[in-house]
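Chemist: kindly generate the corresponding structure for this input.
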Amino acid sequence: MGHLLENLTHFARLLRSLGLAVPGGSTIEAARAVQQIDIGNREDFRFALRTVLVHRSEDLQVFDKAFRVFWGRPSGTKTKLDLRPLGSERRFGDPIVEMESLSGASAPGDGEGDTRLERVQIATYSDREVLRQKDFKNLTSEEMSQAVRLLRDLRWHPAPRRTKRWVPGPGPSPDPRKLLARFARREADPTTPPTRVRKAVPRRLVLLCDISGSMERYTRMLLWFACCLTGNLQRVESFLFATRLTRITKKLRGTRGRNPLSEIARLVPDWSGGTRIGESVRAFNVHWARRALGRGAVVLVVSDGWDRGDPEALRTELSRLRRSCQRLIWLSPLLGSPAYRPLTRGLQAALPFVDDFLPVHNLASLDRLAAHLNSLPGEARKQAGGRAANSGEGIW
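Modeler: Next comes the predicted model:
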């Protein structure tokens, strides 16, 4: 059991380096598990380790490949196996497992053996940037899985909204109430007067995502974007629309990293149908704006702008929405093409009321969006409406 326990420790370290969430005490639990089985049966041995060391369904495939490499029979040659597409969630490149001197890692059933595992090296090369720049519509199913893992690692920290309420804190503004209370108790020190600052609260985000037929190539990744955004932030409201509006906030919060498509498809009656943006925005303004926007909310509208409704209705409803939120951001997957021009009737009606017109076609654009939201000012806007000067990078 001595060499086996040492190899179990090396194997647990290898799994952690590949992005698997292996707790610190799992090695002892794995050693206890293998004592309950016939260690000469390779499949029983693999299932025992997998039961103890794997806690997420998406890690099963990378565990199986790592198991074959680590617990394989000694061959005296190097083995290179690309594990990046399946298991590395927090690495910047594709790890290639290169194992040398495997004579010490005896396979179950080969006897105890006196030799020891000499070295396990993890070499990496980076194709992350290629994936970040690749358009969502061109992703393969394997690349889609990698993109979702990278998307989960994005950190969204929108600047908090400063309210009109004052709270004690370091700042240039004196706190007259606390100062008078000190004078009443004869404890006032004129050299260090108490100060106050505006109270900061998390800013609300509202996501209105187009799932009509023209957006079908981007719908899957945009739903994962909505899922990750809702999971990382507390005050997020998510809606889908094509010809009607559907609220999906509760379903996204309940997925906990699972595929949101299966949970949401049953809720949306107009999936991949026509597009009536004006009517959908009107439904939001009438039924949800008072509850979802609150004060100082940022609204993200994700759509390519192809609209079968009345442009005047869209213009009216967006104008109303713009007056109710702190900032209105329009995200278009078509904006990633250098030759794209927003010439559709829907976008022509919408753009005068949009603060930021940004692309949302690949991971790099979502990364820039996160940075943009994180840099938004905490103060409420001064203007009553109209398009702001800042329209993002690389737009038409």
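Chemist: ok but Pro172 is inside a helix, no?
Modeler: No: secondary structure assignment (DSSP: H, G, I helix; E, B strand; the rest coil) places Pro172 in strand, not in a helix.
Chemist: residue contacts, the nearest residue to it once chain neighbours are set aside?
Modeler: Excluding its sequence neighbours, the residue lying closest to Pro172 (Cβ to Cβ, 6 or more residues apart in numbering) is Thr195, at 7.0 Å. Heads up, the C-betas are built off the backbone N, CA and C, glycines and all. For Thr195, the contacting residues are Pro168, Gly169, Pro170, Gly171, Pro172, Ser173, Pro174, Asp175, by Cβ atoms under 8 Å, 6 or more residues apart in numbering.
Chemist: now the protein, which segments are flagged as low pLDDT?
Modeler: 1-2, 24, 73-127, 159, 187-191, 254-260, 378-396 (pLDDT under 70).
Chemist: domain ranges for it?
Modeler: According to automatic domain parsing, the chain is divided into the following domains: 2-126, 205-374.
Chemist: of the ones you listed, which is nearest Ala147?
Modeler: Proximity of the domains of the chain to Ala147 was assessed by Cβ to Cβ; the nearest stretch is domain 205-374, lying at 5.9 Å.
Chemist: quick check: which element contains Ile329?
Modeler: In this structure, Ile329 is located in strand 327-332 according to DSSP states H and E.
Chemist: ok, now Arg198?
Modeler: Using DSSP H and E, Arg198 falls within strand 195-201.
Chemist: list the buried residues in that strand.
Modeler: Buried residues in strand 195-201, counted by 16 or more other Cβ atoms under 10 Å: Thr195, Arg196, Arg198, Val201.
Chemist: ok, back up a step: would you point to the one among the domains of the chain that's packed deepest?
Modeler: Across the domains of the chain, averaging neighbours per residue (mean count of other Cβ atoms under 10 Å) puts domain 205-374 on top, at a mean of 19.
Chemist: ends of that one, how far apart?
Modeler: 12 Å (Cα to Cα, to the nearest Å).
Chemist: report the distance from the strand holding Arg198 to the chain centre.
Modeler: How far strand 195-201 lies from its chain's middle: 30 Å, per Cα atoms, centre = their mean, to the nearest Å.
Chemist: hmm, back to that, can I get the domains of the chain in JSON lines with distance to Leu179?
Modeler: Formatted as JSON lines, the entries for the domains of the chain read as follows, by distance: least, Cβ to Cβ, whole Å:
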{"stretch": "domain 2-126", "distance to Leu179": "50"}
{"stretch": "domain 205-374", "distance to Leu179": "29"}
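Chemist: Leu180 is nearest to which of those domains?
Modeler: Using Cβ to Cβ as the criterion, the shortest distance between Leu180 and those is 29.6 Å, found for domain 205-374.
Chemist: how far away from the center of its chain is the closest one?
Modeler: Here the centre of domain 205-374 is set off from its chain's centre by 16 Å, with Cα atoms, centre = their mean.
Chemist: same deal with stretch 172-183?
Modeler: On Cα atoms, centre = their mean, the centre of stretch 172-183 falls 44 Å from the chain's centre.
Chemist: ok, Leu358 touching Ser365?
Modeler: Yes: under the contact definition of Cβ atoms under 8 Å, Leu358 touches Ser365, with a separation of 7.1 Å.
Chemist: show me the helices in the stretch 51-200 of the chain, by range?
Modeler: 60-70, 84-87, 128-133, 141-152, 176-184 (DSSP state H, counting those that start in this stretch).
Chemist: can you list these in CSV and add distance to Glu43?
Modeler: Output for these, formatted as CSV (distance: least, Cβ to Cβ, whole Å):
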stretch, distance to Glu43
helix 60-70, 11
helix 84-87, 20
helix 128-133, 34
helix 141-152, 26
helix 176-184, 70
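Chemist: those: which one's closest to Arg308?
Modeler: For those, proximity to Arg308 was assessed by Cβ to Cβ; helix 141-152 is nearest, at 29.0 Å.
Chemist: tell me the buried residues in that closest one?
Modeler: Gln146, Ala147, Val148, Arg149, Leu150, Leu151.
Chemist: ok, which stretches of the stretch 201-350 of the chain are helices?
Modeler: In the stretch 201-350 of the chain, the segments counted as helices under DSSP H, counting those that start in this stretch are 216-232, 249-255, 260-264, 277-287, 289-293, 311-324, 345-350.
Chemist: relative to Leu369, which of those is closest?
Modeler: Between Leu369 and those, the tightest spacing by Cβ to Cβ is seen for helix 216-232, at 9.1 Å.
Chemist: what's in contact with the closest one?
Modeler: Counting by Cβ under 8 Å, 6+ apart, residues outside helix 216-232 touching it are 136-137, 139, 144, 147-148, 151-152, 154-156, 205, 207, 209, 211, 215, 236, 238, 248-249, 252-253, 255-257, 260-261, 264, 272, 302, 333, 360-361, 366.
Chemist: got the contact list for the residue of the chain most remote from its centre?
Modeler: When distances to the mean C-alpha position of the chain are computed (Cα atoms, centre = their mean), the maximum falls on Arg186, with 53.8 Å. By Cβ under 8 Å, 6+ apart, the contact set of Arg186 is empty.
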